[in-house]
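Participant: Here is my input; please provide its structure:
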Amino acid sequence: MDQNRVVISLHGIRTRGVWQKDLVPELAKDGFIPYVLDYGYFNVFQLMRSSSLDKQVNWLTGQYDRIRAETGCKRPSVIAHSFGTLQVARMLEMHRHVVFDKIILAASIVRCDFPWAQMLSESRAKWVVNDYGGKDIWPRFAGWAVPNAGNSGSVGFLSKHRALRQVEHPHHGHSDYFSLGNFRYNWIPTLLLQKRKIVDDLHGLIGMLSKDLGVDRKQLRCFVFAEDPDTECLKVVPGLQVGEINEAETRMAISMDAIGIEAAPTIAFKQMREVRQNRQDLVELGDSLGSGSPFNRNVAWSISVPLPYGTDTSRAIGVLIVDALISVPEVADADLSEAEEDKAESTTETVVEQEAHESRGVGVESGDGVDQLPQSGYEDLASFSLANELLEMDNVSEVVLRLGISLCRARNESRESQL
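Facilitator: Numbers count the residues shown, from 1 in each chain. From the prediction side, this is the model:
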């Protein structure tokens, strides 16, 4: 059985997990095998006893082993809510044989310093999503009252890793994640796409661009748009982004009927051609959209590249956006575990980055602690003479082709499962 096709769901306390039953048909439509785990009604006082947690973790481990034996699936995925998230995290710590493909946490009560970077580097999971809410008070209570718990469902995790996707929902309470829209447009696409491989490709692309353009990689960004058939808009695929991208940008939706400067991604999608925007174009775009727009006015240039529909280069499955920030605040170095993993699993990217640092240095340090876009790189890209040549290079073309094939495969699998 395909290791990506078994999905375990686990509810929280004071509930029997009605949302799990709503999720089952949505998973089935996309060809997943859902396993709904129900450990019964669990109250707050039970939650405060460490012996109760140990008992539940032993039960969950038994269920995990049973599911793997029944299906032959070596890496199931799991979606867990509230107390279920704590069980999953504790099981990972206690039992080294436990591994997952994707882990989706909602309203997590796992402690904020849980070592996700280490878990991901050791391949205990391939991709982790943490959906946390700004109005969720229960993780804060759990962090104070429950052994081994924390408030990651309110403020997120401290750990950083390219395969750890933290999504803040400022207005969400403890049980606001269970809409059909969230299932269809966030959780199921996460389960379908091999996002870890795609993100590695995007990091590799950023490394190549940094080297060839002489631009600090921290100032380069890329993200992927795909068509939403329900709204007929291009939307950012959750998790498929690299760089300093804010939450407002990740929620952008571009109409397929858009015209003018703002239609660059749509034009790339419809006409299967690269669309480039220099600083002047982007200033005009920002002025036309107004102050309430998610458009980032700190962008120096932008390129929209169509992603071919698999090997069919006559139509698009999505659009890859590559752009550069004029300035970006300093960021802390990545976790050591992530750097070690990059060396082991993304050798090409690491070598490219090292070469870029050795041959050109990284950016220009300004007096206010902000890296400014190197003037030479900006001049080249404003005219797009260098960008034109770069996008025709074989290594970049291969990355674009792989991205398109990955999106196409996920789209086709989804449609075939509904026939």
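
Participant: now for the longest strand anywhere in the chain, which elements pack on it?
Facilitator: Taking DSSP state E as the criterion, the chain has its longest strand at strand 312-325. In this structure, strand 312-325 packs against strand 220-228, strand 233-242, helix 264-271, strand 299-309, helix 375-383, helix 394-418, with contacts taken as 3 or more CB pairs under 8 Å, 6 or more residues apart in numbering; DSSP states H and E. Backbone N, C-alpha and C define where each C-beta goes, glycine included.

Participant: mean pLDDT lowest for which of the ones you listed?
Facilitator: Ranked on mean pLDDT, the bottom entry among the helices and strands packed on strand 312-325 is helix 375-383, at a mean of 42.

Participant: now the helices: where do they sit in the stretch 1-150 of the chain?
Facilitator: Taking DSSP state H, counting those that start in this stretch, the helices of the stretch 1-150 of the chain run over residues 18-29, 44-47, 50-71, 83-94, 116-121, 138-145.

Participant: With mean pLDDT added, can I get those in JSON lines?
Facilitator: Output for the helices of the stretch 1-150 of the chain, formatted as JSON lines (pLDDT from 0 to 100):
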{"stretch": "helix 18-29", "mean pLDDT": "92"}
{"stretch": "helix 44-47", "mean pLDDT": "58"}
{"stretch": "helix 50-71", "mean pLDDT": "89"}
{"stretch": "helix 83-94", "mean pLDDT": "95"}
{"stretch": "helix 116-121", "mean pLDDT": "96"}
{"stretch": "helix 138-145", "mean pLDDT": "82"}
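
Participant: Mind putting those into CSV with distance to Ala264?
Facilitator: Shown next, in CSV, are these (distance: least, CB to CB, whole Å):
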stretch, distance to Ala264
helix 18-29, 33
helix 44-47, 51
helix 50-71, 45
helix 83-94, 40
helix 116-121, 34
helix 138-145, 40
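
Participant: Nearest to Gly181 among those helices would be which one?
Facilitator: Closest of the helices of the stretch 1-150 of the chain to Gly181 is helix 18-29, at 10.5 Å (criterion: CB to CB).

Participant: buried stuff in the closest one?
Facilitator: Using 16 or more other CB atoms under 10 Å as the test for burial, helix 18-29 gives Trp19, Gln20, Leu23, Val24, Leu27.

Participant: which helices and strands does it pack with?
Facilitator: With contacts defined as 3+ CB pairs under 8 Å, 6+ apart, the packing partners of helix 18-29 are strand 6-10, strand 33-37, helix 188-192, helix 394-418.

Participant: just the CA coordinates of it, formatted as PDB?
Facilitator: Below are the C-alpha coordinates for helix 18-29, written out as PDB (Å, rounded to 0.1, in the frame of the first residue of the first chain):
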ATOM      1  CA  VAL A  18     -17.400  14.500  15.700                       C
ATOM      2  CA  TRP A  19     -15.000  16.300  13.300                       C
ATOM      3  CA  GLN A  20     -13.300  13.000  12.600                       C
ATOM      4  CA  LYS A  21     -16.500  11.600  11.200                       C
ATOM      5  CA  ASP A  22     -16.800  14.700   9.000                       C
ATOM      6  CA  LEU A  23     -13.300  14.300   7.800                       C
ATOM      7  CA  VAL A  24     -13.600  10.700   6.700                       C
ATOM      8  CA  PRO A  25     -15.600  11.200   3.500                       C
ATOM      9  CA  GLU A  26     -13.300  14.000   2.400                       C
ATOM     10  CA  LEU A  27     -10.300  11.800   2.900                       C
ATOM     11  CA  ALA A  28     -12.000   9.000   1.000                       C
ATOM     12  CA  LYS A  29     -12.700  11.300  -2.000                       C
END
